[in-house]
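Enquirer: sequence first, then the predicted structure, then my questions.
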Amino acid sequence: MELTAAHWMYLIGTCIIIVTMLFRQNVVVPALLMTFFVGWIYSGSFLMGVQSIFNASLTAAAELFNIFLIIAIMTALLHALKALGSDEQMIIPFQKVMKNGHLSFWILVFVTYALSLFFWPAPAVPLIGALLIPVAIRAGLPPIGAAIAISLAGHGMALSSDFVIRVAPGLTASSAGLDVAAITDKTFILSLITGAVALSIAYFMIRKSIVKPSKENLIKWEQNDEEDQAQDQAISPPKQTTSQTNKYSFLFALIVPLTFLAIIIYVVLATFSNAVPSIESGAGASLIGGIAVILIIGASFAKNLKTSLRNVADHITKGFMFAFKVMGVVIPIAGFFFIGSGDFAAKIFRLEDPDQAPAFLFDLVQAGQHAIPENAFITGFGVLLLGMISGLDGSGFSALPLIGSLSDALSQSIEVDGTTLASIGQMGAIWVGGGTLIAWSPIIAIAGFAKIPVMDLVRKSFIPVILGLTVSTIVALLFL
């Protein structure tokens with residue numbers, strides 16, 4: 001397809017947003033303005049350009065609401081457990097293992113990677129965020145360190161290979177008839193290399209901010225949430241400074257982790273055996289969210305039967321307030337990049353025929369392949385760059401068939417196997433969009449549980465991820 005003025009405006013907008021991020025400035029205003037200009041130029045209507053600002057944010061909000069909702073529900077559960085005094089009871093066993101911040105960082109990496117391999121990071125993050133992040137922070141690990149460990153291990157190292165479920169390598173191989181098994185094996189190796197480099201660099205970047213284990217670390221971390229809630233006393237009552245335990249505190253401290261462990265076992269059995277009914281794709285997060293709501297109700301009834309109805313509402317309200325704080329700035333940014341996807345552009349521009357919707361990002365990536373010289377290293381890094389650009393839509397999976405077909409075509413002119421190039425492109429697409437470097441990807445949830453700005457998580461992850469992808473690409477071109 002021939003590139004139009006709207007394509008170039010979309011590309012300019014993408015570059016402006018990336019440069020703004022690198023200068024550590026807020027990108028909401030550039031995203032909103034560029035959404036307007038792209039909509040205006042594409043439609044030829046000034047009014048449609050104005051409407052595109054609202055439509056893009058509305059579409060992004062609808063697509064991201066599942067993440068928004070799980071943040072709210074799990075945060076509400078934490079408030080319910082804290083009111084009951086179960087939060088401290090629950091973390092006592094973990095304290096014996098996570099004795100300091102250094103050890104906590106690598107335990108978070110191992111647990112996140114293991115869980116994410118079996119049923120993807122999205123359902124795993126709420127479990128880890130609710131149970132282990134508070135323990136790690138109490139042990140001395142800073143919130144940004146906990147978030148980076150979970151993000152790089154789950155949405156980076158585990159998801160980029162998708163070694164167990166194998167959706168990603170299947171998509172990459174689908175359009176070009178490449179060997180799925182070869183891509184799976186190569187992406188697994190490259191994901192370990194990228195992860196090892198990125199996590200090691202990230203650890204050395206945050207190691208000086210690790211402090212001695214202390215309950216004060218946890219109290220200071222929780223103050224961010226408490227200060228926000230104090231600004232709206234009309235909505236929720238004043239927060240108690242200390243938790244009061246009762247006879248049900250230990251019971252719920254036992255029930256909550258065992259319940260989530262049972263969910264993990266069920267999902268694994270449903271995925272790899274016929275022992276239990278299968279779970280539809282994406283239903284894991286729904287299962288966790290639904291059970292979390294039941295636990296909120298149960299914990300509130302156990303705390304005080306007379307005020308339980310009001311307490312449940314208060315906990316859920318606090319959860320939504322926190323989720324709004326985390327999600328607010330992300331929605332307009334995601335809206336701009338959703339314009340580049342043909343799947344969402346039809347809704348944003350209100351087109352009657354979805355097949356006529358523009359796919360700015362897809363077209364730009366496809367047009368970029370002709371600018372790559374016939375050199376193994378230039379081609380390899382070119383495919384990596386195209387994969388990273390394709391991940392800007394915040395999923396990392398949508399352009400994998402394109403990456404596979406481009407890799408197969410480019411491999412014909414250089415002495416590099418097509419599955420190797422496809423594996424490199426898959427690494428770039430999912431590490432960026434799946435995602436560790438995109439603020440409008442599922443890492444919103446990680447930032448939410450760690451109670452840090454999602455843009456801080458993206459900035460801290462940038463150098464480790466880029467260096468990790470560079471090293472793994474070199475290894476792939478030399479040895480795979």
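Expert: Perfect, I can see it now. Residues are numbered from 1 along each chain as shown.
Enquirer: is the residue of the chain positioned farthest from its centre in a helix, a strand, or coil?
Expert: Farthest-out residue of the chain from its mean C-alpha position, per C-alpha atoms, centre = their mean: Lys306, at 39.1 Å. Classification of Lys306 using DSSP: H, G, I helix; E, B strand; the rest coil returns coil.
Enquirer: quick check: phi and psi on it?
Expert: phi -70, psi -40 (degrees, to the nearest 10).
Enquirer: check contacts around it.
Expert: By C-beta atoms under 8 Å, 6 or more residues apart in numbering, the contact list for Lys306 is empty. Placement of C-beta: from N, CA and C, glycine included.
Enquirer: pLDDT value on it, please?
Expert: Listed pLDDT for Lys306 reads 88.
Enquirer: next one: the one 10 residues further on
Expert: The predicted structure scores Ile316 at 91 on the pLDDT scale.
Enquirer: state the distance from it to Trp431.
Expert: Distance of Ile316 to Trp431, given as C-beta to C-beta, to the nearest Å: 34 Å.
Enquirer: could you do Asp456 as well?
Expert: For Asp456 relative to Trp431 (C-beta to C-beta), the value is 18 Å.
Enquirer: tell me which of the two has more neighbours.
Expert: Set Asp456 next to Trp431 and count neighbours by other C-beta atoms under 10 Å: Trp431 wins out with 34 against 17.
Enquirer: let's see the pLDDT reported for the more buried one.
Expert: Trp431 is given a pLDDT of 93.
Enquirer: does it sit in a helix or strand, and which one?
Expert: Assigned by DSSP states H and E, Trp431 belongs to helix 418-431.
Enquirer: quick one: list the elements packing against that helix.
Expert: Helix 418-431 sits against helix 159-161, helix 167-174, helix 180-206, helix 376-390, helix 400-411, helix 454-479, with contacts defined as 3 or more C-beta pairs under 8 Å, 6 or more residues apart in numbering; DSSP states H and E.
Enquirer: and Ile4, backbone torsions?
Expert: Check again: residue 4 is Thr, not Ile. The phi/psi pair for Thr4 (degrees, to the nearest 10) is phi -100, psi 180.
Enquirer: just the helices in the stretch 101-250 of the chain please.
Expert: Ranges of helices within the stretch 101-250 of the chain are 101-119, 121-131, 133-138, 143-150, 159-161, 167-174, 180-206, 215-230, 249-272, based on DSSP state H, counting those that start in this stretch.
Enquirer: which helix or strand contains Phe344?
Expert: Take DSSP H and E as the rule and Phe344 turns out to sit in helix 342-348.
Enquirer: what residues sit buried inside the helix or strand following that helix?
Expert: Proceeding C-terminally, helix 342-348 gives way to helix 360-368 as the next helix or strand, assigned by DSSP H and E. Across helix 360-368, burial judged by 16 or more other C-beta atoms under 10 Å covers Phe360, Leu361, Phe362, Asp363, Leu364, Val365, Gln366, Gly368.
Enquirer: worst-scoring helix or strand of this structure, pLDDT-wise?
Expert: helix 86-95 (a mean of 69; mean pLDDT, DSSP states H and E).
Enquirer: please tell me how far Ile201 sits from Trp106.
Expert: 14 Å.
Enquirer: now do Ala158
Expert: Ala158 is 15 Å from Trp106, by C-beta to C-beta.
Enquirer: now Ile348
Expert: Counting by C-beta to C-beta, the gap from Ile348 to Trp106 is 43 Å.
Enquirer: when these two are compared, which one has more neighbours?
Expert: Higher neighbour count among Ile348 and Trp106: Ile348, with 29 against 14, using other C-beta under 10 Å.
Enquirer: output the longest helix belonging to this structure.
Expert: helix 46-84 (DSSP state H).
Enquirer: tell me the angle that helix makes with helix 249-272.
Expert: Interaxial angle of helix 46-84 relative to helix 249-272 (axes from the mean of the first three to the mean of the last three C-alpha atoms, to 10 degrees): 130 degrees.
Enquirer: could I get the buried residue list for helix 46-84?
Expert: Buried, per 16+ other C-beta under 10 Å, within helix 46-84: 48-49, 51-53, 55-57, 59-61, 63-64, 66-84.
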